[in-house]
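A.B. asks: pasting a predicted model and its sequence here:
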Amino acid sequence: MEKIEYRPIGFIKTPFIQGKGAPIQPRRSGGAKGQIEMRPDLVEALSDLDGFSHIILIFHFHLSTGYKLKVVPYMDTAERGVFATRAPRRPNQIGLSVVRLEKIEGNVLHVADVDMLDGTPLLDIKPYVPHFDTEPDIRIGWLEGKSHHARQTRDDGRFEE
């Protein structure tokens, strides 16, 4: 297969400089604030985005190296297949988070509920649309009954970039 390359459309600034202590999911961030500095040549692409309360960020886990096919997720003690988790050590270090869009000022998006590390390269933004992005009959596999007990942050000593 040929190599696929992406150029970041911007960079995400957050208060989290290392994995330890970073939230494990956006809704676990306690409303943590961040900014996205977009490339100036892409500002026109932000047109009409301010009408959405939430956006999907697709980003690169820039501090993650290598990967494991089986990992012990933060919300469990059993080893799981990496594709059944949201762990950062993946064959392609691509992350996805739904964050709150607070405002846009020029090429800077002010967001809340960030869970990524400072300096994270942003690959794409999509509007979050509940009618498109959720289904009525959802199963959550091994997370059933566990997701509401999740830790707030990655501070259990098991963090791996």
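C.D. replies: All right, it came through fine.
A.B. asks: for P130, phi and psi?
C.D. replies: The phi and psi values for P130, taken as degrees, to the nearest 10, are phi -50, psi -40.
A.B. asks: swap that for L63, please
C.D. replies: Note on L63: backbone dihedrals following degrees, to the nearest 10 are phi -100, psi 0.
A.B. asks: could you give the bridge partners of Q35?
C.D. replies: Here Q35 shows beta-bridge partners K13, H110, assigned using DSSP bridges.
A.B. asks: quick one: contacts for it?
C.D. replies: I12, K13, V108, L109, H110, V111 (Cβ atoms under 8 Å, 6 or more residues apart in numbering). All C-beta spots, glycine's among them, are computed from the backbone N, C-alpha and C.
A.B. asks: repeat that for 10 Å
C.D. replies: By Cβ atoms under 10 Å, 6 or more residues apart in numbering, the contact set of Q35 is G10, F11, I12, K13, T14, E102, E105, V108, L109, H110, V111, V114.
A.B. asks: K68 versus that one, what's the distance?
C.D. replies: Using Cβ to Cβ, to the nearest Å, we find Q35 at a distance of 32 Å from K68.
A.B. asks: over to D41?
C.D. replies: In this structure, D41 and K68 are separated by 37 Å, where distance is defined by Cβ to Cβ.
A.B. asks: D137: neighbour count?
C.D. replies: Other residues lying near D137 total 4 when counted by other Cβ atoms under 10 Å.
A.B. asks: what does I17 give?
C.D. replies: The criterion is other Cβ under 10 Å. On that basis, I17 has 12 neighbouring residues.
A.B. asks: wait, doesn't it sit right on T120?
C.D. replies: No - in this structure, I17 sits apart from T120 without contact. The criterion is Cβ atoms under 10 Å, and the distance is 11.1 Å.
A.B. asks: overlap of the contact sets of these two?
C.D. replies: Taking Cβ under 10 Å, 6+ apart as the contact rule, I17 and T120 both touch L63.
A.B. asks: how close does S53 sit to A112?
C.D. replies: 10 Å.
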